[in-house]
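Student: coordinates only, no sequence provided:
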């Protein structure tokens with residue numbers, strides 16, 4: 001039992017784990033380490049309850065509520081449209097049923113093993129220290145110290161969790177746990193200092209994340225705790241604190257509206273963010289669009305209403321009902337694999353049975369805590385703090401989702417609630433079973449071997465595949481093409497959960513290497529290998545459009561030099577499948593346009609670029625693509641009109657884009673526009689002598705001699721090899737060099 005208890009204490013360190021050399025460094029390591037710890041704990045726990053049944057959990061309402069939610073998770077995984085994804089989860093956050101059962105097993109073990117207040121309080125002290133250290137790590141991200149991953153004077157810190165909003169959620173849990181202990185338990189002086197420091201550091205950390213939903217949860221939580229503490233203790237100090245907090249809240253809200261346009265606020269990105277309470281804010285609107293897409297998907301059929309699409313599958317209804325307003329240009333965030341609202345997330349992915357079970361867990365716990373608060377016993381203040389913590393957690397989860405550190409922390413605190421409410425400190429004595437020592441040792445060895453195999457297969461092998469992938473990425477950065485491909489091949493041979501992301505990253509690297517390069521036989525073979533691997537993603541995830549877009553692009557690269565190439569037909573097949581899955585995803589129309597450009601069917605290309613522009617008329621790149629094809633068709637006037645529209649809508653043209661446009665204006669001798677383009681190119685590359693020389697020629701063509709001479713001299717100054725030609729050019733203009 002002692003070893004299991006120590007493993008429980010060790011698990012409290014998990015939120016600090018960062019696997020810096022891995023994909024998803026802030027989540028992957030936490031999950032594989034925690035799962036390994038839980039699997040070791042389970043091995044010891046099974047042996048323990050075999051000998052002493054008194055360590056079996058005493059069922060209560062909280063356990064039943066948690067079990068029902070876990071069973072709902074299980075049922076909706078079985079009925080999922082993509083069971084593999086629901087069971088294992090994605091590589092980035094390592095969710096899914098397999099990991100979630102580890103949380104439930106962990107919960108059962110801690111409520112069975114941690115039986116005294118002293119043990120619970122020891123665990124809480126470790127958790128408070130870990131929370132404070134995570135906050136300090138976040139503060140380090142405001143510096144330029146390389147030790148802190150994400151350092152560089154970040155405007156918003158994310159601590160050891162890797163995302164500002166997720167970090168804020170973890171810090172809120174530690175903050176209100178610390179306040180609960182500080183005000184609800186009899187503590188030594190050193191313990192009071194510990195919890196006071198943890199509460200201060202985590203509170204500051206929440207504010208430094210600038211996550212508005214979390215700051216709202218913090219404010220509501222402080223008000224609620226002050227109210228409940230005053231209600232239980234009738235403390236005059238608590239009453240004053242409550243009134244002060246209400247006044248501060250009123251001042252903050254009114255000031256946010258009154259001074260949001262002041263220079264003082266506008267000059268601070270932090271103040272601009274937290275005082276922006278408008279529902280028209282783009283980030284806020286993206287949340288509403290995501291929820292809307294998810295709820296439309298939930299309402300798709302009786303099955304999805306009852307059972308959802310399956311855990312970890314929010315991206316499917318999101319893509320099916322994609323709002324084109326998400327797409328603001330190349331590089332936009334257009335794929336939400338989470339609803340950024342746990343209640344919507346569970347409704348969409350686990351249906352009504354999941355949502356009822358999830359809300360039921362909160363209702364059961366809040367009702368029991370409220371009953372304890374009304375008793376006005378010695379535990380009422382403690383219950384008030386935990387009641388507040390759950391409300392804060394629910395508010396926070398209305399704007400974000402949960403990951404490993406938050407789940408672990410919350411379920412640990414939930415275990416303490418089970419202890420508080422059902423007094424598991426008193427255990428009915430059961431005479432330990434007499435077991436043959438040889439049999440016990442044999443079973444122990446078998447269980448240890450099974451645990452080792454499980455850890456290796458489900459934690460170590462995925463870690464090896466993950467690490468091989470990052471080595472491939474690093475070699476790619478270092479222009480080691482063969483080395484990168486070798487490492488990608490190694491990563492793929494493991495065939496472990498996470499292979500979906502590894503295949504896509506492989507395809508992405510191949511495309512980055514191939515697009516704009518000469519397609520050699522060597523690259524052709526690698527592209528074909530990427531097609532084989534991504535096809536597996538398409539086969540395993542039939543409702544996911546992304547593999548089809550990768551397949552279309554890979555085939556487009558292979559077919560770009562031959563209009564009748566079968567690769568173009570293959571590309572068209574996959575892009576139409578992607579379009580069928582997500583009819584309003586703007587990028588798909590670009591791929592369709594590119595396929596028809598390959599096929600030299602410019603009329604069809606125009607048709608799809610035009611549809612892309614119609615889906616979201618505010619995106620400049622759609623007009624650029626459309627306009628360029630119109631020009632190629634000979635519709636120069638219309639094409640240039642579209643090009644100008646693209647630039648008006650802040651299309652971020654590249655050097656090559658500008659060069660193409662210059663070629664168009666040269667055909668019609670429009671030097672005024674050519675001059676404007678070269679000015680923009682010079683802003684991009686001010687030391688490019690050729691741009692200055694070309695601008696000089698353009699100025700000369702419209703009779704602006706002084707400007708032409710100035711640019712010619714600048715070209716010669718930047719690159720002395722231009723001087724002889726520049727000198728002749730100036731003299732031909734009738735000016736002295």
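Tutor: Nice, thanks for sending it over. Because the structure is a prediction, the values reported are computed rather than measured. Numbering: from 1, shown residues only.
Student: determine the set of other helices and strands touching the worst-scoring helix or strand of the chain on mean pLDDT.
Tutor: Every helix and strand of the chain was ranked by mean pLDDT, DSSP states H and E. The lowest is helix 263-266, at a mean of 72. Where contact means 3 or more Cβ pairs under 8 Å, 6 or more residues apart in numbering; DSSP states H and E, helix 263-266 is packed against helix 269-274. C-betas here are computed from N, CA, C, even on glycine.
Student: go through the helix or strand that comes right after the helix it packs on and flag the buried ones.
Tutor: The helix or strand immediately downstream of helix 269-274 is helix 282-298, counting by DSSP states H and E. The neighbour-count check on helix 282-298 (16 or more other Cβ atoms under 10 Å) flags 284, 286-287, 289-291, 293-294, 297-298 as buried.
Student: please apply the same query to stretch 220-239.
Tutor: 220-233, 235, 238-239.
Student: from the chain's centre, how far out does that stretch sit?
Tutor: The gap between where stretch 220-239 is centred and where its chain is centred comes out at 36 Å by Cα atoms, centre = their mean, to the nearest Å.
Student: what's the least confident helix or strand of the chain in contact with?
Tutor: 259, 271-272, 275 (Cβ atoms under 8 Å, 6 or more residues apart in numbering).
Student: drop anything exposed from the residues you listed.
Tutor: So, by 16+ other Cβ under 10 Å, the buried ones in the contacts of helix 263-266 are 271, 275.
Student: TSV for the contacts of helix 263-266, including distance to residue 453?
Tutor: Compiled in TSV, the contacts of helix 263-266 are given as follows (distance: Cβ to Cβ, whole Å):
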residue	distance to residue 453
259	62
271	54
272	54
275	55
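Student: return the member of the contacts of helix 263-266 nearest to residue 698.
Tutor: Closest approach between those and residue 698, by Cβ to Cβ: residue 272, at 41.0 Å.
Student: pLDDT at the closest one, what is it?
Tutor: Model confidence at residue 272, given as pLDDT, is 76.
Student: what ranges do the strands span in the stretch 101-250 of the chain?
Tutor: In chain order, the stretch 101-250 of the chain shows no strands, with DSSP state E, counting those that start in this stretch as the criterion.
Student: how far away is residue 89 from residue 342?
Tutor: 15 Å (Cβ to Cβ, to the nearest Å).
Student: which residues of the stretch 401-550 of the chain fall in helices?
Tutor: Ranges of helices in the stretch 401-550 of the chain, per DSSP state H, counting those that start in this stretch, are 404-422, 437-455, 461-477, 481-493, 499-514, 521-540, 546-559.
Student: winner for burial among those?
Tutor: Highest mean neighbour count of the helices of the stretch 401-550 of the chain: helix 546-559, a mean of 24 (counted as mean count of other Cβ atoms under 10 Å).
Student: skipping adjacent residues, who's closest to residue 411 in space?
Tutor: What sits nearest to residue 411 in space, not counting adjacent residues and going by Cβ to Cβ, 6 or more residues apart in numbering, is residue 107, at 4.9 Å.
Student: just residue 395 next, same as before
Tutor: Nearest non-adjacent residue to residue 395 (Cβ to Cβ, 6+ apart): residue 217, at 3.9 Å.
Student: ok, that neighbour - how many residues close by?
Tutor: Residue 217 has 25 neighbours, counted by other Cβ atoms under 10 Å.
Student: tell me the first helix or strand C-terminal of the helix or strand encompassing residue 696.
Tutor: Element membership for residue 696, per DSSP H and E: helix 689-701. Using DSSP H and E, the helix or strand that follows helix 689-701 in sequence is helix 705-718.
Student: what angle separates that following helix from helix 689-701?
Tutor: Interaxial angle of helix 705-718 relative to helix 689-701 (axes from the mean of the first three to the mean of the last three Cα atoms, to 10 degrees): 160 degrees.
Student: now for helix 705-718, which elements pack on it?
Tutor: Counting contacts by 3+ Cβ pairs under 8 Å, 6+ apart, helix 705-718 is packed against helix 689-701, helix 723-732.
Student: which one, of the ones you listed, ends up nearest to residue 99?
Tutor: Closest among the helices and strands packed on helix 705-718, using Cβ to Cβ: helix 689-701, at 54.4 Å.
Student: report how many residues lie close to the closest residue in space to residue 67 that isn't next to it in sequence.
Tutor: Spatial nearest neighbour of residue 67, excluding adjacent residues (Cβ to Cβ, 6+ apart): residue 104 at 7.2 Å. Using other Cβ under 10 Å, residue 104 has 19 neighbouring residues.
Student: residue contacts, residue 104?
Tutor: 66-67, 70.
Student: hmm, try it at 10 Å
Tutor: With contact set as Cβ atoms under 10 Å, 6 or more residues apart in numbering, residue 104 has these partners: 38, 63, 66-67, 69-71, 73-74, 411.
Student: out of those residues, which are buried?
Tutor: By neighbour count, with 16+ other Cβ under 10 Å, the contacts of residue 104 hold 38, 63, 66-67, 69-70, 73-74, 411 as buried.
Student: want to throw those into TSV with distance to residue 549, secondary structure and pLDDT?
Tutor: Output for these, formatted as TSV (distance: Cβ to Cβ, whole Å; DSSP: H, G, I helix; E, B strand; the rest coil; pLDDT from 0 to 100):
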residue	distance to residue 549	secondary structure	pLDDT
38	37	helix	98
63	45	helix	96
66	39	helix	97
67	41	helix	98
69	35	helix	98
70	35	helix	98
73	30	helix	98
74	32	helix	98
411	38	helix	97
